[in-house]
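Colleague: Have a look; sequence and predicted model below, questions after that.
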Amino acid sequence: MVNEMAEPLIFHFDVDGDNFTSAGQASVQVKKNLRQLGIDPETIRRVSIAMYEGEINMVIHAKGGEADVIVSDESIEIILKDTGPGIANIEQAMQEGFSTAPDNIRSLGFGAGMGLPNMKRYTDYMQIDSVVGEGTTITMRVNF
Amino acid sequence: MTINTVKDLLEAEILCGSESLGEEVHSACGSDMMSDVLAYVKDQAVMLTGLVNAQVIRTAEMMDMKCIVFVRSKRPSADMLELAKEHGIAVMTTAKRMYDACGILYSNGLKGNGE
């Protein structure tokens, strides 16, 4: 827990969509920052796994995007915003095992259709706002 | 068991993190799908995998793992080892196949569920 925080702390990242090798760098940095703030390890793990999955998704599907992490007294909020193709059927995308990732992504260890379900599993709140052809914004919250 | 015991049992070669050979680990998992590792694993300290890319190291870091074992003689790149060093993760490679490597560790007491 963060002590007596007056203003929420905001960390902003640009997620590079061109390079799968570097995907996840923002999540690694967030994990470091949260450790420095003295937040408990289980909360850190939930936030960083959820964000990591989201970051990988942005690289696979949307050529990158932007990530904001807002640390307040009550929660850690993660906002992932991209201008990718959007999600046509959110209900379907939330099913474990459903994936539209190309085969080459599966050979890299992802694209098993576990990303969005994992993000929901590790967070207390998750909202997906998506418009086909315009992009997707995912808001997740982990409460203290 | 210690990370050193994992290394001995698998006749593995340590590639980085030899300073943590004395650390105790209590559970392990084996997978080539990082999505599954992120979904199903909890408190597993050792990951066995045949997949070689930077996301293996990042997945281990996200899950607070201590040790990665590459099976089938797979060798990570220098960049991957740098990443592992940064996060204090021990990395080794064994000639054994996934099934054999998991079986050897399991039968010597390293379980999958953390018990």
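Modeller: Thanks, I have the structure now.
Colleague: quick one: the closest residue to residue A:127 other than its chain neighbours from residue B:99, how far?
Modeller: Among residues not flanking residue A:127 along the chain, residue A:139 sits closest, at 4.6 Å (C-beta to C-beta, 6 or more residues apart in numbering or on different chains). (Each C-beta comes from the backbone N, C-alpha and C, glycine too.) According to C-beta to C-beta, to the nearest Å, residue A:139 stands 42 Å off from residue B:99.
Colleague: These two: who's more crowded?
Modeller: Taking other C-beta atoms under 10 Å in any protein chain shown, residue A:139 and residue B:99 do not tie; residue A:139 has more neighbours (17 against 10).
Colleague: and the longest helix seen in chain A, how far from the chain's centre?
Modeller: Across chain A, the helix with the greatest residue count (assigned by DSSP state H) is helix A:41-62. Distance of helix A:41-62 from the chain centroid (C-alpha atoms, centre = their mean, to the nearest Å) equals 4 Å.
Colleague: Tell me which residues of that helix come out buried.
Modeller: Applying a neighbour-count criterion of 16 or more other C-beta atoms under 10 Å in any protein chain shown, one finds A:43-62 buried in helix A:41-62.
Colleague: which SSE is the most centrally placed residue in chain B in?
Modeller: Geometric centre of chain B, nearest residue: residue B:68, 2.2 Å, by C-alpha atoms, centre = their mean. Assigned by DSSP states H and E, residue B:68 falls within strand B:67-70.
Colleague: Show me where chain A dips below the pLDDT cut-off.
Modeller: Residues of chain A that meet the criterion pLDDT under 70 lie in A:1-6.
Colleague: In the chain, what residue spans correspond to helices?
Modeller: In the absence of a named chain, this looks at chain A. For chain A, the helices defined by DSSP H cover A:25-36, A:41-62, A:90-93, A:103-106, A:115-122.
Colleague: The chain in question should be chain B.
Modeller: Going by DSSP H, chain B shows helices at B:3-9, B:34-40, B:54-62, B:78-86, B:98-107.
Colleague: Of those, flag the one that's most buried.
Modeller: Compared across these, helix B:54-62 shows the largest average neighbour count, a mean of 25 (mean count of other C-beta atoms under 10 Å in any protein chain shown).
Colleague: any residues touching that helix, and which ones?
Modeller: Defining contact as C-beta atoms under 8 Å, 6 or more residues apart in numbering or on different chains, one finds that helix B:54-62 is touched by A:20-24, A:27-28, A:31, A:45, A:48-49, A:52, A:56, A:108-110, B:34, B:37-38, B:47, B:49, B:68, B:76, B:79-80, B:83-84, B:87, B:89, B:91.
Colleague: Extract the C-alpha trace of the helix or strand of chain B with the lowest mean pLDDT and format it as CSV.
Modeller: Counting by mean pLDDT, DSSP states H and E, chain B has its least confident helix or strand at helix B:34-40, which shows a mean of 89. Extracted in CSV, the C-alpha atoms of helix B:34-40 (Å, rounded to 0.1, in the frame of the first residue of the first chain):
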residue,chain,number,x,y,z
MET,B,34,3.7,-18.6,-22.4
SER,B,35,-0.1,-17.8,-22.3
ASP,B,36,-0.7,-21.0,-20.4
VAL,B,37,2.1,-20.3,-18.0
LEU,B,38,0.6,-16.9,-17.3
ALA,B,39,-2.9,-18.5,-16.9
TYR,B,40,-2.3,-21.5,-14.8
